[in-house]
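Novice: A structural model of the following input is requested.
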Amino acid sequence: MSRTRRVKIISTIGPASWGQAAFEALINAGADVFRINMSHTSHALLREAVADIRSVEEKLGTSIGILVDLQGPKLRVGRFEAPYELTGGAAFRLDNTPEPGNQDRVFLPHPEIIEHAQVGHRLLIDDGRVTLRVTAVAKDHLDTEVVYGGRISSNKGVSLPDTELPAASMTEKDRADIGAAIQLDIDWIALSFVQRAEDMIALRQLVGPSFGLVAKLEKPQMLPHLDAIISASDAVMVARGDLGVELPMEQVPSIQKMIVHKARALGRPVIVATQMLESMISSPVPTRAEATDVSVAVFEGVDAIMLSAETASGKYPVEAVNTMHRIASTVEQDSGYPAMIRISQAIPERTIRDAVAAGARHISEVVGSAAVAVYTVSGNMALRIARERPVKPIIALTSDRRVARRMRMVWGTSGTLYNANENVAMAALAAANEHGYTNKADSIVLISGPVSTDKNALRVLTVKD
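Specialist: The predicted model follows:
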């Protein structure tokens, strides 16, 4: 299935969008990658979803990416005797005593928080509806002052905007979910609450080299380590939900822009996620502010934009995907779009690979080629070309189905299966024609063979009768 849209759409599947008919409808509406949230998915449901997606993929004769999103550590307070209303200025204790809490104290079943929190650090309860500030630290408890009061009840989540925990981002549940994802040959695995590059390195050691790894950037503690995290990842996600809880919300737009800029400079696909079309959970149309939010991400040159509850549990999942597709397509047709993309274009690195990628983009624009095609084993060369953001579409020829599927999340790129015994030039021309990019008067730029000093890897091919 060919798309002229460059930015990709990730659709989260759930009760509102389950089964082969729903998956096919979402793909036809514009979805490129399906996200499976392991916070709400058993291994049995995971196997069912993957089987159905692969069946639809076969039926449509295309490649569809699958992203498994790991739950990560969920920090929560313990149980209360009943819901209580905490008043601003009151004292409140979090301790290691597993008894039901009251208006003065509650059990905190995470000793690492008590160990690493410091005086002045904040604890945000229930997405910040209640805010506590640490006033004293003991071996077995934290004393706090209620900064913003409100209703508190059992098992509410705890966010720690000021405290860096030494524990890795993977839990035992995550490890079990990773094992299930590996068995099903999932394309992308996303790690939640990444704080350091070591979190991604540990995940890589666990899964091996064959899977694409996404770092979810949603903790303020990741900011000092951002370059290293991006370098250690295959893609990154700006997860604005938790990021907007733990940081002042007015900082989120500039942090989003910074992450997008750094990821593009390093040649890593970047996803913007959370609340992009939130009102479409219950409405068939978005707000104008949401449409603007989507357009801003597209103008920034992100690789993918993501729908969460809109498609997983909302009333209008297909409409949400189609709406996002129409907004993105309209932005990309704007006369100012190429200039915006060019302004934020990364400077090529001093490598032969980047020189060839930059040359392919430049030649394509000078000769007015219909597409840039690249033969790639791992997908890396296609990523370097996508980093250049060429005007024309990118065709990634690969003999690895997994690479073709991963290309569904890369800006402007379509993955096409290629038999290594075929003539690569003929295969590139055939793929360009099949995608509808060429006519008899067109040419394409082709990068084929190893990119090294002793290989002539870049050619311009002319379409003939």
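
Novice: So which residues make contact with stretch 256-268?
Specialist: 217, 226-227, 230-231, 233-236, 238, 240, 269-270, 272, 297, 300-302, 344-347, 383-384, 386-387 (C-beta atoms under 8 Å, 6 or more residues apart in numbering). Heads up, the C-betas are built off the backbone N, CA and C, glycines and all.

Novice: How about residues contacting the longest helix seen in the chain?
Specialist: Ranked by number of residues, the top helix in the chain under DSSP state H is helix 43-60. Residues from elsewhere that reach helix 43-60, judged by C-beta under 8 Å, 6+ apart: 1, 13, 18-20, 23-24, 27, 34, 36, 38, 41, 63-64, 66, 68, 176-177, 180-181, 184, 186.

Novice: Can you give me the buried ones in that helix?
Specialist: 46, 49, 50, 52, 53, 54, 56, 57 (16 or more other C-beta atoms under 10 Å).

Novice: Also stretch 334-342?
Specialist: 337, 341.

Novice: Show residues contacting stretch 78-89.
Specialist: With contact meaning C-beta under 8 Å, 6+ apart, stretch 78-89 is reached by 92, 98, 100-103, 106-109, 130, 145-155.

Novice: Now with 6 Å, please.
Specialist: 100-103, 106-107, 109, 130, 146, 149, 151-154 (C-beta atoms under 6 Å, 6 or more residues apart in numbering).

Novice: which of these lies closest to residue 190?
Specialist: When these are compared for distance to residue 190 (C-beta to C-beta), residue 109 wins out at 25.5 Å.

Novice: That closest one: neighbouring residues, count only.
Specialist: Neighbour count for residue 109, taken as other C-beta atoms under 10 Å: 15.

Novice: for the stretch 101-250 of the chain, which spans come out with low pLDDT?
Specialist: For the stretch 101-250 of the chain, residues meeting the criterion pLDDT under 70 lie at 167-169.

Novice: ok, now the stretch 301-450 of the chain?
Specialist: 440, 449-450.

Novice: ranges for the strands of it?
Specialist: 304-307, 371-375, 394-398, 413-417, 443-447 (DSSP state E, counting those that start in this stretch).

Novice: Please list the residues outside the shortest one that contact it.
Specialist: Here strand 304-307 makes contact (C-beta under 6 Å, 6+ apart) with 8, 10, 11, 271, 272, 273, 297, 320, 409.

Novice: Kindly report the same for stretch 374-392.
Specialist: Residues from elsewhere that reach stretch 374-392 (C-beta under 6 Å, 6+ apart): 267, 341, 345-346, 353-354, 357-358, 360-361, 364-365, 371-372, 394, 396-398, 403, 406, 410-413, 424, 447-448.

Novice: filter those residues to the buried ones?
Specialist: 267, 341, 346, 353-354, 357-358, 360-361, 364, 371-372, 394, 396-398, 403, 406, 410-413, 424, 447-448.

Novice: Show the end-to-end separation of stretch 27-47, please.
Specialist: The first residue of stretch 27-47 is 19 Å away from its last residue (C-alpha to C-alpha, to the nearest Å).

Novice: can you pull the buried residues of stretch 68-77?
Specialist: 68, 69, 70, 71, 72, 73, 75, 77.

Novice: Can you tell me which of those residues is closest to residue 222?
Specialist: Closest approach to residue 222 among the buried residues of stretch 68-77 (C-beta to C-beta): residue 72, at 12.8 Å.

Novice: so who does the residue nearest to the closest one when sequence neighbours are not counted touch?
Specialist: The shortest distance from residue 72 to any non-neighbouring residue, by C-beta to C-beta, 6 or more residues apart in numbering, is to residue 192 (2.9 Å). Under the criterion of C-beta under 6 Å, 6+ apart, the neighbours of residue 192 are 70, 72, 216.

Novice: Output the residues you listed in TSV; the columns should cover distance to residue 435.
Specialist: TSV is the format used below for those (distance: C-beta to C-beta, whole Å):
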residue	distance to residue 435
70	34
72	38
216	32
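
Novice: Mind checking which of those are in helices?
Specialist: The members of those all map outside helices under DSSP H.

Novice: For residue 342, which non-adjacent residue is closest in space?
Specialist: residue 389 is the one closest to residue 342 (C-beta to C-beta, 6+ apart), at 7.4 Å.

Novice: Quick one: neighbours of the one you found, just the number.
Specialist: 19.

Novice: Against residue 412, how distant is it?
Specialist: Using C-beta to C-beta, to the nearest Å, we find residue 389 at a distance of 7 Å from residue 412.

Novice: and residue 86, what pLDDT?
Specialist: For residue 86, the model assigns a pLDDT of 96.

Novice: Give me the neighbour count for it.
Specialist: 20.

Novice: any idea how far it lies from residue 185?
Specialist: Taken as C-beta to C-beta, the span from residue 86 to residue 185 is 48 Å.

Novice: What is the burial count for the residue nearest to residue 416 when sequence neighbours are not counted?
Specialist: Leaving aside its chain neighbours, residue 416 sits nearest to residue 431 (4.5 Å; criterion: C-beta to C-beta, 6+ apart). Residue neighbour count, defined by other C-beta under 10 Å, stands at 23 for residue 431.

Novice: going forward, begin numbering at 663 instead of 1
Specialist: In the new numbering, first residue 663, that becomes residue 1093.

Novice: Residue 1093 contacts residue 1057, correct?
Specialist: Yes - the pair residue 1093 and residue 1057 qualifies as a contact (C-beta atoms under 6 Å) at a distance of 5.1 Å.

Novice: okay, and the common contacts of those two?
Specialist: Shared contacts of residue 1093 and residue 1057 (C-beta under 6 Å, 6+ apart): residue 1078.

Novice: pLDDT at residue 664, what is it?
Specialist: 59.

Novice: Contacts only, for residue 1026.
Specialist: If you count contacts by C-beta under 6 Å, 6+ apart, then residue 1026 has 1034, 1052, 1054, 1107 around it.

Novice: Write a PyMOL command that selects only the buried members of those residues.
Specialist: The PyMOL selection below is limited to those of the contacts of residue 1026 classed as buried (16+ other C-beta under 10 Å):
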select buried, resi 1034+1052+1054+1107
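
Novice: mind listing what whatever helix or strand residue 1122 lives in pairs with, with the direction of each?
Specialist: Here residue 1122, judged by DSSP states H and E, is contained in strand 1120-1124. Paired strands of strand 1120-1124, with direction, are strand 1105-1109 (antiparallel) (DSSP bridges).

Novice: Could you list the alpha-carbon positions for the strand it pairs with in CSV?
Specialist: The C-alpha trace of strand 1105-1109 is given here as CSV (Å, rounded to 0.1, in the frame of the first residue of the first chain):
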residue,chain,number,x,y,z
SER,A,1105,14.3,8.9,-13.2
ILE,A,1106,15.2,7.6,-9.8
VAL,A,1107,18.4,7.8,-7.8
LEU,A,1108,19.7,4.5,-6.6
ILE,A,1109,22.2,3.6,-3.9
